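>>> pasting the structure only:
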């Protein structure tokens, strides 16, 4: 085997490590899938807490790049707890939180210059 030098980019689990961009960021595919999930939730008349919980698990993993983005969700978690096995309409506040997350998603990344001890 011949040494090719250090890797400049690596992708795993929908997260891209890039030495050129100096950080970790979600892949375009992961980003698109989560955006589609939010749009699906916003268009549904009724959703169960269980369905919402599965999608929120994907959002939580996505937010490990920048945990501050998880602070957007409050009433979504209330909906999951109160309507876990039943289908019901999402409250307007839940829809607002999902729409806000849609707007924040492009900012979710983990740069190398970010102080980790915050």
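Looks like it came in fine. None of these values were measured; they are calculated from a predicted model. Residues are numbered from 1 along each chain as shown.

>>> CA only for contacts and neighbour counts going forward, please
Fine.

>>> for the protein, longest helix please?
Ranked by residue count under DSSP state H, the longest helix found in the chain is helix 28-43.

>>> What mean pLDDT does that helix get?
Mean per-residue pLDDT for helix 28-43: 94.

>>> List the buried residues of it.
For helix 28-43, burial by neighbour count (16 or more other Cα atoms under 10 Å) applies to 31, 34-35, 37-38, 41-42.

>>> Which other helices and strands does the helix or strand immediately after that helix in the chain contact?
Downstream of helix 28-43, the first helix or strand assigned by DSSP states H and E is strand 47-48. The elements that strand 47-48 packs onto, with contact taken as 3 or more Cα pairs under 8 Å, 6 or more residues apart in numbering; DSSP states H and E, are strand 87-88.

>>> Sheet partners, orientation included, of the strand it packs on?
strand 47-48 (antiparallel) (DSSP bridges).

>>> contact partners of the partner strand?
The contact list for strand 47-48, computed with Cα atoms under 8 Å, 6 or more residues apart in numbering, reads 41, 80, 83-90.

>>> and if you look at stretch 14-33?
8-11, 62, 65, 105, 108-112.

>>> buried subset of these?
62, 65, 105, 108-111.

>>> Residue 104: neighbouring residues, count only.
By other Cα atoms under 10 Å, 12 other residues sit near residue 104.

>>> Return the member of the buried residues of helix 28-43 nearest to residue 58.
residue 34 (7.7 Å; Cα to Cα).

>>> Could you say which helix or strand holds the most centrally placed residue in the chain?
Central residue of the chain (Cα atoms, centre = their mean): residue 59, 3.1 Å from the mean position. Following DSSP H and E, one finds residue 59 within helix 49-62.

>>> Can you point out the buried residues in that helix?
Buried residues in helix 49-62 (16+ other Cα under 10 Å): 49-50, 52-53, 56, 59, 62.
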